[in-house]
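>>> starting from these lines, generate the structure:
(chains A, B, C and D)
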Protein chains: 2
Amino acid sequence: MANLDSIFHALSDCTRRAVVQQLTGGPASVKTLAEPHAMALPTFLKHLQVLEACDLIVTRKTGRVRTCALQPETAQAAEHWLSTQRGLWERRLDRLDSFLTAQTPKDPDDAAQS
Amino acid sequence: MANLDSIFHALSDCTRRAVVQQLTGGPASVKTLAEPHAMALPTFLKHLQVLEACDLIVTRKTGRVRTCALQPETAQAAEHWLSTQRGLWERRLDRLDSFLTAQTPKDPDDAAQS
DNA sequence: AGGATACTTACCCATATGGCTAACCTTGAT
DNA sequence: ATCAAGGTTAGCCATATGGGTAAGTATCCT
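Next up, the predicted model:
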């Protein structure tokens, strides 16, 4: 299992997320996966390599066809990190609230400062 | 709310995930957040800007101190995408299984082909 | 007023990323 | 044997990213 850095990075690209989505419908060949995307095959292959490098997908070549499939456990690692954070901050929402309400009244031109 | 591209990208960096984790303990100043990280302040500020650009955090400047806080809803967007995908592929795990088992027996030297 | 504190801006740099084309290698079909 | 199909490799290019330094601004403290 790769680290969160590479998993989140892999998911930060629209093309790669689309591939993941496509694969939720079952395994598919490189050609099939590439078709919806308007880019050269070698370019698309690099995306698949990014997905495979962090174990979001597995691939296997049979004859001249390489078939790709999801490795759901990897995405779960990312999901787990997110839900853990949410679990932590939900217990602190009171603090966030007090932070927001404490500042708002005395700072009307706040928008100009971001 | 920013798009998934920028949210996942923001989370793909170890420093930025650490900031998110730190902020689950409540709002904090830039200085406080920067301390654990061995890098120049301007460099660290860029990380905060990435987090703020995709709305994972909110910041507010009071006097000379800028305070940062989480915006949990944004992270939930990422979590939601992941859990949606998982929901989809869990209904297809049978297909994944048949894919894996169909190939394994007749391809013992598979490891060499990745 | 003057110095310290807490950012903030401007700018530089090396590497990574996403895109391309051209050419190559297997495998399957005729 | 030859040709088409499906990848794959190699190499080029522009931009983005993560890191740094130097100098500036705005507050707060004394």
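
>>> pLDDT of stretch A:70-80, averaged?
Across stretch A:70-80, pLDDT averages out at 90.

>>> pull the residues that contact that stretch.
A:1-2, A:4, A:7-8, A:11, A:20, A:23-24, A:54-58, B:79, B:82-83, B:85-86, B:89-90, B:93, B:96 (C-beta atoms under 8 Å, 6 or more residues apart in numbering or on different chains). (Each C-beta comes from the backbone N, C-alpha and C, glycine too.)

>>> tell me the contacts of the spatially closest residue to residue A:24 that is not a sequence neighbour?
Of all residues not flanking residue A:24 in the chain, residue B:88 sits nearest, at 3.7 Å (C-beta to C-beta, 6 or more residues apart in numbering or on different chains). By C-beta under 8 Å, 6+ apart, residue B:88 lies in contact with A:21, A:24, A:25.

>>> what helix or strand is residue B:88 located in?
Using DSSP states H and E, residue B:88 maps to helix B:72-90.

>>> centre of the chain versus that helix, how much separation?
Relative to the chain's own centre, helix B:72-90 is displaced by 12 Å; criterion: C-alpha atoms, centre = their mean, to the nearest Å.

>>> just stretch A:47-54 next, same as before
Averaging C-alpha positions (C-alpha atoms, centre = their mean) puts stretch A:47-54 12 Å from its chain's average.

>>> in that stretch, what counts as buried?
A:47, A:48, A:50, A:51, A:52, A:54 (16 or more other C-beta atoms under 10 Å in any protein chain shown).

>>> the helix holding residue B:88 vs helix A:72-90, what angle?
For helix B:72-90 against helix A:72-90, the angle by axes from the mean of the first three to the mean of the last three C-alpha atoms, to 10 degrees is 150 degrees.

>>> and the buried ones among the contacts of stretch A:70-80, selectable in ChimeraX?
Listed next is the ChimeraX selection for buried residues among these, using 16+ other C-beta under 10 Å:
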select /A:4,7,8,11,20,23,24,54,55,56,57,58 /B:79,82,83,85,86,89,96
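
>>> if we can go back for a sec, CA atoms only for the helix holding residue B:88, dumped as PDB, please.
C-alpha atoms of helix B:72-90 as PDB (Å, rounded to 0.1, in the frame of the first residue of the first chain):
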ATOM      1  CA  PRO B  72     -15.000  20.600   7.700                       C
ATOM      2  CA  GLU B  73     -17.600  20.600   5.000                       C
ATOM      3  CA  THR B  74     -14.900  20.800   2.300                       C
ATOM      4  CA  ALA B  75     -13.100  17.700   3.500                       C
ATOM      5  CA  GLN B  76     -16.500  16.000   3.600                       C
ATOM      6  CA  ALA B  77     -16.800  16.600  -0.200                       C
ATOM      7  CA  ALA B  78     -13.700  14.500  -0.700                       C
ATOM      8  CA  GLU B  79     -14.800  11.900   1.700                       C
ATOM      9  CA  HIS B  80     -18.200  11.800   0.000                       C
ATOM     10  CA  TRP B  81     -16.600  11.200  -3.400                       C
ATOM     11  CA  LEU B  82     -14.500   8.300  -2.000                       C
ATOM     12  CA  SER B  83     -17.400   6.700  -0.200                       C
ATOM     13  CA  THR B  84     -19.600   7.000  -3.300                       C
ATOM     14  CA  GLN B  85     -17.000   5.100  -5.300                       C
ATOM     15  CA  ARG B  86     -16.700   2.500  -2.700                       C
ATOM     16  CA  GLY B  87     -20.400   2.100  -2.600                       C
ATOM     17  CA  LEU B  88     -20.300   1.500  -6.400                       C
ATOM     18  CA  TRP B  89     -17.500  -1.000  -6.500                       C
ATOM     19  CA  GLU B  90     -18.700  -2.900  -3.500                       C
END
